[in-house]
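[1] Let me see the structure of the following:
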Amino acid sequence: METGDRQEMLRCEITGKLFPADEVVIVFGQQVSAEGKAILLSRYQSGERMPGEMDRPNAIRRTICVLIDFLILISPLFVFAIYGVNINLLKWHYTAIVQVALTLGEFFYFAELHAWFGGTVGKLVGGLRVVHLDGTPISRKTAYARALIFPGPSAIIALIFASIAIFLSPITAYSIARTIHPLRYVGLIWFLMDGLVGFFDRNRQRAVHDRVAGTRVIVKN
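    Next up is the predicted model:
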């Protein structure tokens, strides 16, 4: 704003210097000059938390949350093993059907809990939640898209093996399963790669499924 021949001067919140108002912009909620903007963006690119930015969890905290979910998801396997032994249900087709049920259960576990509560049991215990990049709660559509990417490849492979067991004779199914057994490692490699992408993302810790779904994990306030 100009008053007569005098132009309003504003202080850059990064450098502390005064500049004409038309040379000052707002970046990350801060009033900065061109020099201050460059400094602020450099800090952002190095992973430094910006003013007003949502807190991101550290890698250890996220790992603990993942382990909690893992223990919850594998617990039905132990129940099935004990129950199956007791009533002699550990037969080829029954095992395959249970595998399908557990795989679908895993998918809906991630999709529905994120849709309803913004996080799985592990995240809720760890004080984390999943949000859109602007901080708004994720929709059910986003939650399902995220779930498809995260356990999706492993789930698809599990369903392939289960389908072979259900629809083919035991001898044929066993022969085919042995041939395509290396596919199981694809799911493991995907899971590790997905986690490593998030681990090395210093700015946002966004894994592959976060990038595809347009989400991020933050610490609940």
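[2] ok, Val66 - contacts?
    Counting by CB atoms under 8 Å, 6 or more residues apart in numbering, Val66 makes contact with 122, 195. (Glycine included, C-beta is placed from N, CA and C.)
[3] Helix, strand, or coil at it?
    helix (DSSP: H, G, I helix; E, B strand; the rest coil).
[4] Any stretches of the protein with poor pLDDT?
    The chain contains residues with pLDDT under 70 at 1-6, 28-29, 47-54, 77-96, 202-203, 221.
[5] how about the helices of it, start to end?
    Counting by DSSP state H, the chain has helices at residues 34-45, 59-87, 92-117, 121-126, 140-149, 152-167, 170-179, 183-199, 208-213.
[6] Turn the ones you listed into TSV, including distance to Asp22.
    Formatted as TSV, the helices of the chain follow (distance: least, CB to CB, whole Å):
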stretch	distance to Asp22
helix 34-45	11
helix 59-87	43
helix 92-117	45
helix 121-126	45
helix 140-149	40
helix 152-167	50
helix 170-179	70
helix 183-199	41
helix 208-213	37
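[7] Compare those helices and give me the one nearest Cys12.
    Closest of the helices of the chain to Cys12 is helix 34-45, at 4.2 Å (criterion: CB to CB).
[8] which helices and strands sit right next to the closest one?
    Using 3 or more CB pairs under 8 Å, 6 or more residues apart in numbering; DSSP states H and E, the elements in contact with helix 34-45 are strand 25-27, strand 30-32.
[9] can I get the CA coordinates of it in CSV?
    Extracted as CSV, the C-alpha positions of helix 34-45 are listed here (Å, rounded to 0.1, in the frame of the first residue of the first chain):
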residue,chain,number,x,y,z
ALA,A,34,12.5,-13.6,-2.4
GLU,A,35,15.6,-14.3,-0.3
GLY,A,36,13.5,-15.6,2.6
LYS,A,37,11.4,-17.7,0.3
ALA,A,38,14.6,-19.4,-1.1
ILE,A,39,15.8,-20.1,2.5
LEU,A,40,12.4,-21.5,3.5
LEU,A,41,12.1,-23.8,0.5
SER,A,42,15.6,-25.1,1.1
ARG,A,43,14.6,-26.0,4.6
TYR,A,44,11.5,-27.7,3.4
GLN,A,45,13.4,-29.8,0.8
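[10] re earlier: nearest to Arg146, of the helices and strands packed on helix 34-45?
    strand 25-27 (29.6 Å).
[11] mind checking which of the helices of the chain is nearest Ile26?
    helix 34-45 (9.7 Å).
[12] residues of that closest one that come out buried?
    Under the neighbour-count criterion of 16 or more other CB atoms under 10 Å, helix 34-45 has 36-37, 40 buried.
[13] Please apply the same query to stretch 13-29.
    13-14, 19, 24, 27.
[14] and the two most separated of these?
    Pairwise distances across the buried residues of stretch 13-29 (CB to CB) peak at 13.7 Å, for the pair Phe19 and Val27.
[15] Met9: which of the helices of the chain is closest?
    Among the helices of the chain, if distance is taken as CB to CB, the winner is helix 34-45, at 14.4 Å.
[16] quick check, distance from that closest one to the centre of its chain.
    In terms of CA atoms, centre = their mean, to the nearest Å, the centre of helix 34-45 is found 28 Å from the chain centre.
[17] show me what contacts Pro137?
    By CB under 8 Å, 6+ apart, the contact set of Pro137 is 118, 131.
[18] Name the residues linked to it by a beta bridge.
    Note on Pro137: beta-bridge partners Val131, judged by DSSP bridges.
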